[in-house]
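# task: produce atomic coordinates for the following.
(2 chains)
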Protein chains: 2
Amino acid sequence: MPADTLNAFVPGPRCEIAGSPDGRLAGLTFAVKDLIDVAAWPTGGGNPDWARVNPIPGRNAWIVDTLLGAGASIIGKTITDEVSLGILGENPFDGTALNPAAPDRVPGGSSSGSASVVAGGICDFALGTDTGGSVRVPASFCGLYGIRPTHGRVNFSGITAQAPSSDTVGWLARDANVFARVGEIVFGAPTPSALPVRLLVATDAFGFADAAVADALAPLVGRLAAVIGDRRDETLAPQGLSIWQAAQRTLQSSEAWLTFRDWLDRYNPRLQYSVARNLTLGSQITDAERNRAALMREEARARMRLLLAPGTILCLPTTPFPAPLLGRSVSELAFPRERITCLACLGGLTGIPHVVVPGGSVDGAPVGLSIVGAPGSDLDLLAVARKMAS
Amino acid sequence: MPADTLNAFVPGPRCEIAGSPDGRLAGLTFAVKDLIDVAAWPTGGGNPDWARVNPIPGRNAWIVDTLLGAGASIIGKTITDEVSLGILGENPFDGTALNPAAPDRVPGGSSSGSASVVAGGICDFALGTDTGGSVRVPASFCGLYGIRPTHGRVNFSGITAQAPSSDTVGWLARDANVFARVGEIVFGAPTPSALPVRLLVATDAFGFADAAVADALAPLVGRLAAVIGDRRDETLAPQGLSIWQAAQRTLQSSEAWLTFRDWLDRYNPRLQYSVARNLTLGSQITDAERNRAALMREEARARMRLLLAPGTILCLPTTPFPAPLLGRSVSELAFPRERITCLACLGGLTGIPHVVVPGGSVDGAPVGLSIVGAPGSDLDLLAVARKMAS
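Residues are numbered from 1 along each chain as shown, chains lettered A, B, ... in the order given. Reported below is the predicted structural model:
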């Protein structure tokens, strides 16, 4: 697909940097979400007043440096929702990247341009960030592999923060082998040959998704179960996914306010109305609300430790439906946004790694399956994704 | 002053329309705030997503039609704070118009460009709107005459509403004769030769302003007293100016939310952070709060009826200080904004006419004196201003 039909790269000159010629990723190309520093290129953050007041970085983000050193070449920087504060990918400043898998629908966000260029076949993989779903949601909506690594495992230096207790950097790919090869470089270890031995299927999460999504994902779950062997149904969140979602929204929104308040105050930037509104609502969260949400986070983490013993993985739908149609109003999207984050909140709330496996389809639009494991099991999840594709 | 140094006209082709050749305002030129319709020209409203979704008007606003018919010629449309939601005139989309009287300070808003072109000598007068101070504040900051007419007296058709129970359309001028001549056309009556006979000086309002402002306005008050004859000190707001300001803020903010909510919802527009934040706060005002503010409005109106018997006018400082310096942060400006509206709230809250008379100066920057009278006394106030200048 021609790059210019995707509208996925940031406006202006294209950032192109050749990787080290003899690395293990030599020959692969990748794109970089415009929240991640590339030396001598502006980090635009999807907002003209972010780019305007932040200096052009003098060095690469750790992950960019690592991938260039491993031989992969950058082909461009990609559009993001404003300073990562969005889940759908409709950006009024840089434009909305095309969802090549469903052109009348949103690409998902905030790593929208990264999903677009990979799904459009422009490069082999692309970097994104994921605080509340920003890699996983576009992966699901564009039909791609995507990883949100274990929180704190991948060096985050040189990347625009949103909510530090939930922020991660990950990547998207079309091909399970490429997807795993990048992981070997980022995590600095080989993909294990031994696979997990127990699969939990999160019945509450499948029940929360549209019935058509659960049906569409059933063959993927079947293939996953065949790869793993032992399959058992389990409730993911006894307190309710909506309770976990509320806790994550409280923590993430109040942290985002703390991250951006000085910028908002000093520069009074231009923002999409919904982004400014959500930041304002974040400013109103009280310490008591934050403390209560933090208690719920501890409960959710305890639940994950209980479920995800060594060798155990769990699967759930990545999104409760495929991508919404383009151009819906703020109020039409309010409830869908909340539903999406009911399934996505597990990542930011507990910090466990998530891998999205593509393959589901509803009304011709993609939906993905999320596979999660205990903290640190990132490479095991990549191995499972690769095995499922083989 | 060259027009292009003012940065006061909206970007794009200049709107220039000749007035009727034989009208009583023939030979005068004026500018039109970009919230007021001129047929076949976009009404930009100071925001790219307002212009984008509002059709180009097919007819002139009543006041534009009336002035063109009276012989005045339009020389351009002028920058406004976004959809009138600002009092300082710093617009990140269209740019900030120069304050010719104090180039390192804001011009005041929301009728910022209109004040700039008149103070810069580009035209004879300019139209503005005033809901919470949007003619009066730039008149004070740029050293101009300005009028906020009696609420409901001037036909508001073809003008972008903000808070209908407070919205008015007025004008700014350098010359007291021009200022009054425009009034004769707009109000359709001659300027009376008989002047008011009693002057009240609002001691609480003068006390609320910076001491330097009260000192700077003393000669103007003296001249006004000399013109009127009978002078008496009086408390304007026994409940407190801050109480009236809170009531006006509640009413205006909740009405503004109702005015713009559908636009915000449907188009999720780009907005300056502080504008989006204030709209969000407006959405949170409860019916109980609105009802309480409406009671206070009735009390304020009763107070005005008590004070402003026929033949009585009252004066107060238009602003408590001259224009703030350019480029201050949101938090640095928060308290100054509140202080400005403590003096400006009287207009939107009670609907009585206000005329700003220039002539004060603090640290080389202008401050104006507001003269108010009973509803319908607009031409009497214009006559007073003209007499003071003679």
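
# measure stretch A:311-324 end to end?
End-to-end distance for stretch A:311-324, by Cα to Cα, to the nearest Å: 36 Å.

# show me where the stretch 201-350 of chain A has its helices.
Secondary structure of the stretch 201-350 of chain A, counting by DSSP state H, counting those that start in this stretch: helices at A:203-208, A:211-228, A:241-267, A:273-283, A:287-307, A:330-350.

# what does stretch A:303-310 contact?
For stretch A:303-310, contacts defined as Cβ atoms under 8 Å, 6 or more residues apart in numbering or on different chains pick out A:198, A:200, A:234, A:236-238, A:314, A:350, A:352, A:372-374, A:377. In this view, the C-beta of every residue, glycine as well, is placed from N, C-alpha and C.

# run the last query once more with 6 Å
Stretch A:303-310 has contacts (Cβ atoms under 6 Å, 6 or more residues apart in numbering or on different chains) with A:350, A:352, A:373-374.

# rewinding a little: residue A:64 is nearest to which of the helices of the stretch 201-350 of chain A?
The closest of the helices of the stretch 201-350 of chain A to residue A:64 is helix A:241-267. By Cβ to Cβ, the value is 21.1 Å.

# what comes up buried for that closest one?
Using 16 or more other Cβ atoms under 10 Å in any protein chain shown as the test for burial, helix A:241-267 gives A:241, A:243-257, A:259-260, A:263-265, A:267.

# how about the residues of the stretch 51-200 of chain A by chain B?
Contacts of the stretch 51-200 of chain A with chain B, taken as Cβ under 6 Å from any Cβ of the partner chain, map to residue A:92.

# 7 Å instead?
By Cβ under 7 Å from any Cβ of the partner chain, the part of the stretch 51-200 of chain A that sits against chain B consists of A:92-93.

# same deal with the stretch 201-350 of chain A?
Within reach of chain B by Cβ under 7 Å from any Cβ, the stretch 201-350 of chain A has these residues: A:264-266, A:268-274, A:276-277, A:280, A:329-331.

# which residue packs closest to residue A:376, ignoring adjacent ones?
residue A:150 (5.5 Å; Cβ to Cβ, 6 or more residues apart in numbering or on different chains).

# can you redo the helices of the stretch 201-350 of chain A as JSON lines with mean pLDDT and distance to residue A:53?
Formatted as JSON lines, the helices of the stretch 201-350 of chain A follow (pLDDT from 0 to 100; distance: least, Cβ to Cβ, whole Å):
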{"stretch": "helix A:203-208", "mean pLDDT": "98", "distance to residue A:53": "40"}
{"stretch": "helix A:211-228", "mean pLDDT": "98", "distance to residue A:53": "41"}
{"stretch": "helix A:241-267", "mean pLDDT": "98", "distance to residue A:53": "5"}
{"stretch": "helix A:273-283", "mean pLDDT": "98", "distance to residue A:53": "16"}
{"stretch": "helix A:287-307", "mean pLDDT": "98", "distance to residue A:53": "28"}
{"stretch": "helix A:330-350", "mean pLDDT": "98", "distance to residue A:53": "27"}
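
# with respect to residue B:159, which of those helices lies nearest?
Nearest of the helices of the stretch 201-350 of chain A to residue B:159, taken as Cβ to Cβ: helix A:273-283 at 22.7 Å.

# so which elements touch that closest one?
With contacts taken as 3 or more Cβ pairs under 7 Å, 6 or more residues apart in numbering or on different chains; DSSP states H and E, helix A:273-283 sits against helix A:241-267, helix B:273-283.

# report the distance from the helix or strand harbouring residue A:50 to the chain centre.
Element membership for residue A:50 (DSSP states H and E) is helix A:48-53. What separates the centre of helix A:48-53 from the centre of its chain is 24 Å, taken as Cα atoms, centre = their mean, to the nearest Å.

# enumerate the positions of the helix or strand following that helix that are buried.
Toward the C-terminal end, the helix or strand that comes next after helix A:48-53 (DSSP H and E) is helix A:62-69. Of the residues in helix A:62-69, A:62-68 count as buried by neighbour count, 16+ other Cβ under 10 Å.

# on contacts alone, who are the packing partners of helix A:62-69?
For helix A:62-69, the packing partners by 3+ Cβ pairs under 7 Å, 6+ apart come out as helix A:176-187.

# what does the helix it packs on contact?
A:24-25, A:28, A:63, A:66-67, A:70, A:124-125, A:145, A:147, A:154, A:171, A:173, A:190-191, A:378-379, A:382-383, A:385-386, A:389 (Cβ atoms under 7 Å, 6 or more residues apart in numbering or on different chains).

# just the buried residues of the residues you listed.
Buried by 16+ other Cβ under 10 Å: A:25, A:28, A:63, A:66-67, A:70, A:124-125, A:145, A:147, A:154, A:171, A:173, A:191, A:378-379, A:382-383, A:385-386, A:389, out of the contacts of helix A:176-187.

# list the ones among the residues you listed that fall in strands.
Among the buried ones among the contacts of helix A:176-187, the members falling in strands are A:125, A:145, A:147, A:171, A:173 (criterion: DSSP state E).

# skipping adjacent residues, who's closest to residue A:219 in space?
Closest to residue A:219 by Cβ to Cβ, 6+ apart is residue A:359, at 7.3 Å.

# assumed the one you found was part of a helix.
No. Under DSSP: H, G, I helix; E, B strand; the rest coil, residue A:359 falls outside any helix and is assigned strand.

# my guess is it meets residue A:218, correct?
No. Here residue A:359 does not reach residue A:218: they are 10.7 Å apart, not a contact under Cβ atoms under 7 Å.

# which one's more surrounded, the two?
Each of residue A:359 and residue A:218 has its neighbours counted (other Cβ atoms under 10 Å in any protein chain shown); residue A:359 has more, 17 against 13.

# gap between the residue of the stretch 51-200 of chain A found nearest chain B and residue A:279?
Residue nearest to chain B within the stretch 51-200 of chain A: residue A:92 (5.2 Å; Cβ to the nearest Cβ). For residue A:92, the distance to residue A:279 (Cβ to Cβ, to the nearest Å) stands at 16 Å.

# and what of residue A:386?
40 Å.

# identify the residues contacting the residue most central in space within chain A.
What sits nearest the mean C-alpha location of chain A, by Cα atoms, centre = their mean, is residue A:135, with 1.5 Å. Contact analysis of residue A:135 by Cβ under 7 Å, 6+ apart lists A:111, A:128, A:146-148, A:170, A:172.

# so what pLDDT did it get?
Listed pLDDT for residue A:135 reads 98.

# try the one 10 residues further on
Residue A:145 is assigned 98 on the pLDDT scale.

# now it: closest residue in space, sequence neighbours ignored.
Among residues not flanking residue A:145 along the chain, residue A:179 sits closest, at 4.3 Å (Cβ to Cβ, 6+ apart).

# and for residue A:102?
Nearest to residue A:102 is residue A:365, by Cβ to Cβ, 6+ apart, at 4.0 Å.

# what does residue A:134 give?
In space, residue A:134 is closest to residue A:110, 4.1 Å off (Cβ to Cβ, 6+ apart).

# surely the one you found meets residue A:132?
No. Applying Cβ under 7 Å as the test, residue A:110 and residue A:132 come out as separate, 9.0 Å apart.

# which of these two has more residues huddled nearby?
Using other Cβ under 10 Å as the criterion, residue A:110 and residue A:132 rank with residue A:110 on top: 34 against 30.

# for the more buried one, list the residues it contacts.
Applying Cβ under 7 Å, 6+ apart, one finds that residue A:110 lies in contact with A:80-81, A:84, A:86-87, A:134.

# at 10 Å instead, please
Listed by Cβ atoms under 10 Å, 6 or more residues apart in numbering or on different chains, the contact set of residue A:110 reads A:33-35, A:45-46, A:79-89, A:91, A:128-135, A:137-138, A:162.
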